[in-house]
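Asks: Provided below are the primary sequence and the corresponding predicted coordinates.
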Amino acid sequence: MMMSDLQGQIWMDGSFCDWKEAKIHILTHTLHYGTGVFEGVRAYETKAGPAIFRLEDHTDRLFNSANLVGMKIPFDKQTLMQAQCDAVSKNNLNNAYIRPLCFYGSEGMGLRADNLKVHCAIAAWDWGPYLGAEKIINGIRVKVSPFPKRDPEAMLYKAKATGNYINSSLALRDALTSGYDEALILGTDNSVNEGSGENIFLIKDNKLVTPELLTVLDGITRKTIITLANDLGLETIQRKVELKEVFDCDEAFFTGTAAEVTPIIEIDKTKINNGIPGPITKMLQENYFSLIRGTYDKHDKWLTVISDS
């Protein structure tokens, strides 16, 4: 089924409209120049009802992305946080993927955008494991991408901006057509960066290693896993990671709001942990799923329960 064929309501510029009526003009600036910013957020069913995980953190990052690209969002943070909650409740969802998007309109054409209206939309729908229900358990096969990530000084990698994802799209397509599940993107210096839409962690000698934030998105799931690792007494080292390290690690996994915690069992035909998810990966994954479902014994503040009102 196409995304446009889903049923429900989408929040646009302050009010809800029918799913099929959430449309924009073909000459919308962001469609041509990649000048939008967005978020990926998830809500999960808990004993207290549907709850959005790290809602405030995601919303803060949306505003930070907008600030980095010089976009002024015409709504305050509380309004957008409430709209995300309402998008879940109005669509009667217990589990949901939520997509806030801010974009420039069709008031003019050309690269200039500061004179254009900023629009905001929030959609929510039921979306299971991004890389597949079986693969989040059994792990995925990853291909090193031939499309490197460009100079961090030339790109706003700290912004979750729509235009930043063309490289990711090309990398993923290459991986899929080659028979893999995901891509691993390198920097121009051949260092490890991230997946097409995920952060990566390696485990070596009971320590987590993940690329420093110079060229990768400051992932909210990444932060969560670092905290959960600390809860287990595991050290996380953030530094430049060489490609050769991925072939010598004990375990590896991707993190992301969509991907959650997905084990990596093979990279470029080299098996990781004999081709099965490793024990630390499974422990962190189990604790992550416990956390987002409201059954973990810490970090309750990260769950925003959606009220019936």
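Replies: Everything's here; your move.
Asks: wait, doesn't residue 104 sit right on residue 36?
Replies: Yes - if you go by C-beta atoms under 8 Å, residue 104 and residue 36 touch, sitting 7.2 Å apart. C-betas here are computed from N, CA, C, even on glycine.
Asks: so where's this protein shaky on pLDDT?
Replies: Scanning the chain for pLDDT under 70 picks out 1, 151-155, 308-309.
Asks: Could you pull out the helices in it for me?
Replies: Using DSSP state H, the helices of the chain run over 29-33, 55-68, 77-90, 133-138, 166-177, 220-231, 243-246, 279-292.
Asks: With distance to residue 11 added, can I get the ones you listed in TSV?
Replies: Formatted as TSV, the entries for these read as follows, by distance: least, C-beta to C-beta, whole Å:
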stretch	distance to residue 11
helix 29-33	17
helix 55-68	13
helix 77-90	5
helix 133-138	28
helix 166-177	26
helix 220-231	21
helix 243-246	40
helix 279-292	23
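Asks: Start and end of stretch 173-190, how far apart?
Replies: 20 Å (C-alpha to C-alpha, to the nearest Å).
Asks: Report the buried residues of that stretch.
Replies: Neighbour counts over stretch 173-190 (16 or more other C-beta atoms under 10 Å) mark 174, 175, 180, 181, 182, 183, 184, 185, 186, 187 as buried.
Asks: Between those, which sits nearest residue 42?
Replies: Nearest to residue 42 among the buried residues of stretch 173-190, counting by C-beta to C-beta, is residue 182 at 18.6 Å.
Asks: So what pairs up with the closest one in the strands?
Replies: On the basis of DSSP bridges, residue 182 is bridged to residue 142.
Asks: Equivalent analysis for residue 253, please.
Replies: Going by DSSP bridges, residue 253 forms beta bridges with residue 201, residue 263.
Asks: what's near enough to touch it?
Replies: By C-beta atoms under 8 Å, 6 or more residues apart in numbering, the residues touching residue 253 are 200, 201, 261, 262, 263, 264, 277, 281, 284, 285.
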